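> Quick one, fold the following:
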Amino acid sequence: MADLFDPTPGDPPPASTAPRPLADRLRPTRLAEVIGQAKVIGPDGPLGVMLASGALSSLVFWGPPGVGKTTIARLLADETDLHFVQISAIFSVVAELLKVFEAAKQRRRAGQGTLLFVDEIHRFNKAQQDSFLPHMEDGTILLVGATTENPSFELNAALLSRAQVLVLERLSAEELEQLAQRAETEIGRPLPLAPDARRALLEMADGDGRALLNLVEQVAAWRAEGDLDTEALRTRLMRRAAQYDKSGDGHYNLISALHKSVRGSDPDAALYWFARMLEAGEDPRYLARRITRMAVEDIGLADPEAQRICLEGWQTYERLGSPEGELALAQALVYLALAPKSNAAYVGYKAARRAAKSTGSLMPPKHILNAPTGLMKDQGYGAGYAYDHDAEDGFSGQDYFPEDMDRAEYYVPVERGFERELKKRADYFARLRKERIG
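Numbering: from 1, shown residues only. Below is the predicted model:
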């Protein structure tokens, strides 16, 4: 995907009389003109320090669309006297890569370096990513990749070890306002928008500078008598869909925010992230499953009702469907956020799984094994078993762990919610066990 102020690769220069899109007319000519990303390109940012020291390394720009990845790469080439070459991983094939590398070698022999900008670099497979490595190592190319996906998951470790990952952030409201003002200067007149409509326009851009300039260009072309209010603006413009990929990084970021809001006992934040995912088109059934997981992972036996409420909310959704069924899920979510929290059973379960793996095939103690045959009785199966119902308090205190394994404690209830009562019971049986078996 092209980025902010990015021309279509391979297009000839526009004729002087041809109309130019606003984004093209406002393309920065120096890094200092780029709006946003001060943490990266500022004097103390990693790029600013690299340029000041004259030691620019291969880079991977990670960030959402429309934040300047292509623009910054192009300006880096200009400021370092490198030949700029741009390819897209969506359209490029191995044959094209070989041509790019060969041309870069010829430039190097002629005394000029090459900055190779690869858009959507995460779409290259492992073999294609590996093909960059020798040319990066011998200095044939300085690679600058751009990706909207998490490089840790999408790029090879070998490539990441040879490049520095720089995170570019979505533009803030203040930065979008700066961009809008720059656009108005270029157009030669202010946008016909009331203050509330102007704020709504910036919100529609959702941190994407290129999207904002496209919106500005549309609004500037309107023939409006007086300033338009928010309602008029929304009538004339479709709201831009939030950036969200159900299988990508945005999906996992939002579900993580939802889960941690519930764990942090914040129903308002939980409802917000729940709504964000629904607005982005997430499947409510996926959310129902994740909400139920929260009940068993983060609330557990501190409130045994939590799991039931989640399952009933899920069932209600299945019967009502959308949009009414989402309310049942929202109610379950609020209940979880306000419920007492405990992961004691979850922690105990994981500890028991680790112990099960490490202890291998240890047999249960013979006294708790059934002995349906004479041979098994001769082997001591069932000998000495104490029937708990016949014991004082219905508790024998016998050891049920393998004979060659020390007794372990996995479940440690907390002093919250219903688990407070379970802790009393666990402590009671532990005391009896100590009294009866020493």
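> C-alpha from now on. contacts and neighbour counts both.
Fine.
> Kindly provide the distance from the residue lying farthest from the centre of the chain to Tyr387.
In the chain, the residue that sits farthest from the middle, by Cα atoms, centre = their mean, is Gly374; the gap is 61.2 Å. Noted for Gly374: a distance of 21 Å to Tyr387, by Cα to Cα, to the nearest Å.
> what separates the helix ranked longest in the chain from the chain centre, distance-wise?
Counting residues, the longest helix found in the chain (DSSP state H) is helix 419-437. When distances are taken as Cα atoms, centre = their mean, to the nearest Å, helix 419-437 is centred 43 Å away from the chain's centroid.
> before we move on, what about stretch 429-438?
Relative to its chain's centre, stretch 429-438 lies at 49 Å (Cα atoms, centre = their mean).
> Other residues contacting it?
Here stretch 429-438 makes contact (Cα atoms under 8 Å, 6 or more residues apart in numbering) with 395-398.
> By neighbour count, sort out the buried ones in the residues you listed.
Among those, those buried by neighbour count (16 or more other Cα atoms under 10 Å) are 395-398.
> Between all of the residues you listed, which two are separated the most?
Between any two of those, the greatest separation by Cα to Cα is 8.4 Å, found for Phe395 and Gln398.
> Can you show me the strands along this structure?
Along the chain, the stretches classed as strands by DSSP state E are 59-62, 83-88, 114-119, 142-147, 164-167.
> most tightly surrounded among these?
Comparing the strands of the chain by mean neighbour count (mean count of other Cα atoms under 10 Å), strand 142-147 ranks first with a mean of 26.
> and it, what does it pack onto?
strand 59-62, helix 69-79, strand 114-119 (3 or more Cα pairs under 8 Å, 6 or more residues apart in numbering; DSSP states H and E).
> and the angle from the second one to strand 142-147?
By that I understand helix 69-79. On the basis of axes from the mean of the first three to the mean of the last three Cα atoms, to 10 degrees, helix 69-79 is oriented at 170 degrees to strand 142-147.
> pLDDT on stretch 144-158, on average?
On average, the pLDDT along stretch 144-158 is 90.
> Give me the distance between the two termini of it.
End residues of stretch 144-158 are separated by 15 Å (Cα to Cα).
> what sits up against it?
Stretch 144-158 is contacted from outside by 58-65, 69-70, 73, 115-122, 126, 129-130, 133, 160, 165, 248-249, using Cα under 8 Å, 6+ apart.
> And Ile299, how far from Trp62?
Ile299 is 35 Å from Trp62, where distance means Cα to Cα.
> Gln178 now?
As judged by Cα to Cα, Gln178 and Trp62 stand 23 Å apart.
> Tyr385 too?
Distance of Tyr385 to Trp62, given as Cα to Cα: 64 Å.
> Could you tell me which residues within stretch 379-399 count as buried?
The neighbour-count check on stretch 379-399 (16+ other Cα under 10 Å) flags 380-382, 395-398 as buried.
> pull the CA atoms of stretch 103-114 into CSV?
The C-alpha trace of stretch 103-114 is given here as CSV (Å, rounded to 0.1, in the frame of the first residue of the first chain):
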residue,chain,number,x,y,z
ALA,A,103,21.1,-2.3,-11.2
ALA,A,104,22.1,-1.5,-7.6
LYS,A,105,25.4,-3.3,-8.2
GLN,A,106,26.1,-1.3,-11.3
ARG,A,107,25.4,2.0,-9.5
ARG,A,108,27.7,0.9,-6.7
ARG,A,109,30.5,0.3,-9.2
ALA,A,110,29.8,3.8,-10.5
GLY,A,111,30.1,5.2,-7.0
GLN,A,112,26.5,5.7,-6.1
GLY,A,113,24.5,3.8,-3.4
THR,A,114,20.9,2.7,-3.6
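> same question for it, mean pLDDT?
For stretch 103-114, the per-residue pLDDT averages 94.
> Any regions of this structure where pLDDT drops low?
1-18, 238-249, 438 (pLDDT under 70).
> According to the record, where do the domains of it fall?
The chain breaks down by automatic domain parsing into domains covering 22-167, 173-236, 249-338, 364-437.
> Including distance to Ala356, could those go into TSV?
Written out in TSV, the entries for the domains of the chain read as follows (distance: least, Cα to Cα, whole Å):
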stretch	distance to Ala356
domain 22-167	31
domain 173-236	49
domain 249-338	20
domain 364-437	11
